[in-house]
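In: Below are the sequence and a predicted model; questions follow.
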Amino acid sequence: MAAKQNNALTGTLFSELKPALSEAVLEALSNSGFKFCTPVQAATIPLLCSYKDVAVDAATGSGKTLAFILPLVQILLRSDPQNKPHQVLGVIISPTRELSSQIYHVAQPFISTLNNVKPVLLVGGVDVQTDMKNIEEEGAKLLIGTPGRLDDIMNRIDGLDFRNLEVCLLVVEYLVKFHDNYDFIFICKLLEYLVKFHDN
Ligand SMILES: Nc1ncnc2c1ncn2[C@@H]1O[C@H](COP(=O)(O)OP(=O)(O)OP(=O)(O)O)[C@@H](O)[C@H]1O
């Protein structure tokens, strides 16, 4: 089903947000016809760009996807340009294949403004060997996927390095959509794993 178009925009221009979005991101927004923020975007983008932890509860179609994708791109833009292809800088976990795929496609034009940040979509229904070969050969800086496949890949590939992880986003709709305890256990495991490398 097509996403519902959001007509409730604020008077805040993307170009007015502080900290400022990069010129390349503003150009990508303009190319997509986006000029003014929705309320959730105006409220959350400045916080996320300032490295605050944010929990958002907003209606379907309110523009949540860009509200977290744009800060993610800004934070990755500031990250170490020397990092290696298998150093994961960001993880986006969502409960369903469809949502992960939607996020991956919405993110593409903005991720492509970054040098050397390869996003990988990791969901069930695709041969796991193909995913592994792709990651082993080309690396993966941004993982977007569902808990089951992300867990599977992390168990199979030792070479993925999370020490420089900048952003971990949980697109939850948690109580409603995360299917079972397994998903929850994986998320706890991932968070524990990340805490090993990060103090906060
Ligand atoms: N600032 C904006 N200006 C105009 N349209 C926008 C803006 N932000 C998002 N949209 C459009 O609004 C629609 C809904 O956005 P999006 O899918 O991000 O909402 P959502 O809150 O993530 O919804 P869901 O909960 O269903 O995932 C999309 O078609 C998107 O292109």
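Out: That came through fine.

In: just checking, V120 is part of a strand?
Out: Yes: per DSSP: H, G, I helix; E, B strand; the rest coil, V120 lies within a strand segment.

In: correct me, but it touches E136?
Out: No: applying CB atoms under 8 Å as the test, V120 and E136 come out as separate, 11.3 Å apart. For glycine as for every other residue, the C-beta is placed from the backbone atoms N, C-alpha and C.

In: More neighbours: those two, which one.
Out: Shown here are V120 and E136; by other CB atoms under 10 Å, V120 has more neighbours (18 against 15).

In: Skipping adjacent residues, who's closest to that one in space?
Out: A140 (4.3 Å; CB to CB, 6 or more residues apart in numbering).

In: So which residues on the protein come close to the ligand?
Out: Counting by CB under 6 Å from any ligand atom, the chain comes close to the ligand at 3, 5-6, 9, 34, 36-38, 41, 58, 60-66.

In: Buried subset of the residues you listed as a PyMOL selection?
Out: To isolate the buried subset of the residues of the chain next to the ligand in PyMOL, counting by 16 or more other CB atoms under 10 Å, use the following:
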select buried, resi 6+34+37+38+41+62+63+64+65+66
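
In: in the one helix or strand M132 maps to, what counts as buried?
Out: For M132, the enclosing helix or strand under DSSP states H and E is helix 128-138. By 16+ other CB under 10 Å, the buried positions in helix 128-138 come out as D131, N134, I135.

In: now, which of those residues sits nearest P71?
Out: Set against P71, the nearest of those by CB to CB is I135 (24.6 Å).

In: centroid residue for the chain?
Out: Nearest residue to the geometric centre of the chain (CA atoms, centre = their mean): I92, 4.0 Å.

In: still on that earlier bit, just the buried residues of helix 128-138 now: which is nearest the ligand?
Out: D131 (23.8 Å; CB to the nearest ligand atom).

In: all strands in the protein, in order from the N-terminus.
Out: 90-93, 119-122, 142-145, 167-170 (DSSP state E).

In: Out of those, which is the most enclosed?
Out: strand 142-145 (a mean of 25; mean count of other CB atoms under 10 Å).

In: from the middle of its chain, how far away would it be?
Out: 7 Å (CA atoms, centre = their mean, to the nearest Å).

In: what packs against it?
Out: On a contact count with 3 or more CB pairs under 8 Å, 6 or more residues apart in numbering; DSSP states H and E, strand 142-145 meets strand 90-93, helix 97-111, strand 119-122, helix 147-156.

In: average pLDDT for that strand?
Out: Average pLDDT, strand 142-145: 91.

In: Can I get it as PDB, trimmed to CA atoms?
Out: Provided in PDB are the C-alpha atoms of strand 142-145 (Å, rounded to 0.1, in the frame of the first residue of the first chain):
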ATOM      1  CA  LEU A 142      25.100   0.900   7.400                       C
ATOM      2  CA  LEU A 143      23.000  -2.200   8.200                       C
ATOM      3  CA  ILE A 144      19.200  -1.900   7.700                       C
ATOM      4  CA  GLY A 145      17.200  -4.900   8.500                       C
END
